[in-house]
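*Asks:* Build me a model:
(3 chains)
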Amino acid sequence: MKSHTEYLTIHHPERFGIVHLTPRIDEIVRKSGIQEGILLVNAMHITASVFINDDESGLHEDYRDWLEALAPFDASPQRYRHNRTGEDNADAHMKRQIMGREVVVAVTRGKLDFGPWERIFYGEFDGRRPKRVLVKIIGE
Amino acid sequence: MKSHTEYLTIHHPERFGIVHLTPRIDEIVRKSGIQEGILLVNAMHITASVFINDDESGLHEDYRDWLEALAPFDASPQRYRHNRTGEDNADAHMKRQIMGREVVVAVTRGKLDFGPWERIFYGEFDGRRPKRVLVKIIGE
Amino acid sequence: MKSHTEYLTIHHPERFGIVHLTPRIDEIVRKSGIQEGILLVNAMHITASVFINDDESGLHEDYRDWLEALAPFDASPQRYRHNRTGEDNADAHMKRQIMGREVVVAVTRGKLDFGPWERIFYGEFDGRRPKRVLVKIIGE
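*Replies:* Predicted coordinates:
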């Protein structure tokens, strides 16, 4: 069994953002030399997500509005107890649960085994500082 | 390390549906000959899910109503920007995020290592055309 | 390839609860002797979750209230068809979908490869009876 581990750093300048990761992950799969295996990509921070969906900017704006309706930003200590600790990002901990922490993807014949529209994204819900994404592949 | 990869095609005749996959996955695990490992099952389309829950038809109807309340179907271009591209399925991209893209399951002594009520389902949120599900097992 | 499988039993005395699992998982990783691989931790019951987020009690109470708003407990047969079967826990099947069934974590140099605040939790949405959590590591 072989394994290959890399870390990406994302520094998104705004609180909310969706960043396309597929080209970087493709390159890591190629470098790993693994032909058959499993790829894990996860946010290493708990107010961010890694997810697979469509590379369409209108949809990404729809996600922003939809997540804001389901878990509104509110820095005040009234709505979220977490924001009584001096934090203002309780909403981001909820948004991340809806969008998920990680994706697990098959690697087949040396490539991401994707359907026609599958692309990997980093979802940032409390940005303006550097955060890391872990990429690990195991296989042969 | 051994690996085994298969693709299932699901053609659900309606927009929404929940399809039981466990018997097909059990058979793939058996065919693989893998005794100890990890199984990945994922939707290869971004308006569908693979998830684990109860094989109970009332619950499946509850999911339909609950998801519809959280992310209503609306083909008009007003609610969802994604539907300004000619698509009508923005809601399905949201429903899929709640239900998830994939499941990862332990294979132990040659079988799915499941609790008493765990069953694998395909969740379709924009059907009426064939879509694929990937099944990959790695292990020994 | 090596594999290591264990089962934890959680008996939470109330319907809702969040239980910190990281120390137990750290110990299982150590016992496995696996240096490079992938760890799976999943609820074996379909009204519970395993997820990764912050070890902060205010946030855990926020999750309770937020999930209750998105999928309210209602034992009556009116709101949820599932509760016409004699069950009262349809809401727990929904809460579990938002929080997720499982986490997949990288094991690097013999340890959980975590960001600074990542911790593993069991989320119980229909407790007051023993339930199991599966832990499986594959690697070398």
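*Asks:* contacts, neighbours, all on C-alpha from now
*Replies:* OK.
*Asks:* gap between the most centrally placed residue in chain A and A:Ile25?
*Replies:* Per C-alpha atoms, centre = their mean, the C-alpha nearest to the average position across chain A is that of A:Val50, at 1.9 Å. As for A:Val50, its distance to A:Ile25 is 12 Å (criterion: C-alpha to C-alpha, to the nearest Å).
*Asks:* Helix, strand or coil: sort out the spatially closest residue to the residue nearest to the centre of chain A that is not a sequence neighbour for me.
*Replies:* Leaving aside its sequence neighbours, A:Val50 sits nearest to A:Tyr122 (C-alpha to C-alpha, 6 or more residues apart in numbering or on different chains; 4.6 Å). Per DSSP: H, G, I helix; E, B strand; the rest coil, the local secondary structure of A:Tyr122 is strand.
*Asks:* quick one on the thing from earlier: double-check that the residue nearest to the centre of chain A belongs to a strand.
*Replies:* Yes. Counting by three-state DSSP, A:Val50 is found in a strand.
*Asks:* List the contacts of it.
*Replies:* With contact taken as C-alpha atoms under 8 Å, 6 or more residues apart in numbering or on different chains, A:Val50 is in contact with A:Val41, A:Asn42, A:Ala43, A:Met99, A:Gly100, A:Arg101, A:Glu102, A:Val103, A:Ile120, A:Phe121, A:Tyr122, A:Gly123.
*Asks:* separation between it and chain B?
*Replies:* Distance of A:Val50 to chain B, given as C-alpha to the nearest C-alpha, to the nearest Å: 11 Å.
*Asks:* Kindly report the same for A:Ser76.
*Replies:* As judged by C-alpha to the nearest C-alpha, A:Ser76 and chain B stand 25 Å apart.
*Asks:* what are the ranges of the strands in chain A?
*Replies:* With DSSP state E applied, chain A shows strands at A:2-11, A:17-20, A:37-43, A:48-53, A:102-108, A:111-112, A:119-124, A:130-139, listed in chain order.
*Asks:* Can you get me a residue count around A:Asp26?
*Replies:* A:Asp26: 13 surrounding residues under other C-alpha atoms under 10 Å in any protein chain shown.
*Asks:* try the one 10 residues further on
*Replies:* A:Glu36 is flanked by 25 other residues according to other C-alpha under 10 Å.
*Asks:* which residues does the residue lying closest to it once chain neighbours are set aside contact?
*Replies:* Spatially, and ignoring its direct neighbours in sequence, A:Glu36 is nearest to A:Thr108 (4.9 Å; C-alpha to C-alpha, 6+ apart). With contacts defined as C-alpha under 8 Å, 6+ apart, the neighbours of A:Thr108 are A:Gln35, A:Glu36, A:Gly37.
*Asks:* contacting residues for the first one?
*Replies:* Taking C-alpha under 8 Å, 6+ apart as the definition of contact, the neighbours of A:Gln35 are A:Val107, A:Thr108, A:Arg109, A:Gly110, A:Lys111, A:Gly139, A:Glu140.
*Asks:* Format these as TSV; extra columns: pLDDT.
*Replies:* TSV is the format used below for the contacts of A:Gln35 (pLDDT from 0 to 100):
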residue	pLDDT
A:Val107	98
A:Thr108	98
A:Arg109	98
A:Gly110	98
A:Lys111	98
A:Gly139	98
A:Glu140	97
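*Asks:* which parts of chain A sit against chain C?
*Replies:* Proximity of chain A to chain C, by C-alpha under 8 Å from any C-alpha of the partner chain, involves residues A:1, A:3, A:40, A:44-46, A:80-82, A:90, A:93-94, A:97-98, A:100-102, A:104, A:132, A:136, A:138.
*Asks:* filter the residues you listed down to the ones close to chain B.
*Replies:* Filtering the residues of chain A next to chain C for proximity to chain B by C-alpha under 8 Å from any C-alpha leaves A:Met1, A:Ile98, A:Gly100, A:Val104.
*Asks:* hang on, the third one packs against A:Thr47?
*Replies:* No. At 10.2 Å, A:Gly100 and A:Thr47 do not qualify as touching, with contact defined as C-alpha atoms under 8 Å.
*Asks:* Of these two, which one has the most company?
*Replies:* Neighbour tally, A:Gly100 and A:Thr47, criterion other C-alpha under 10 Å: the higher count belongs to A:Gly100, 27 against 24.
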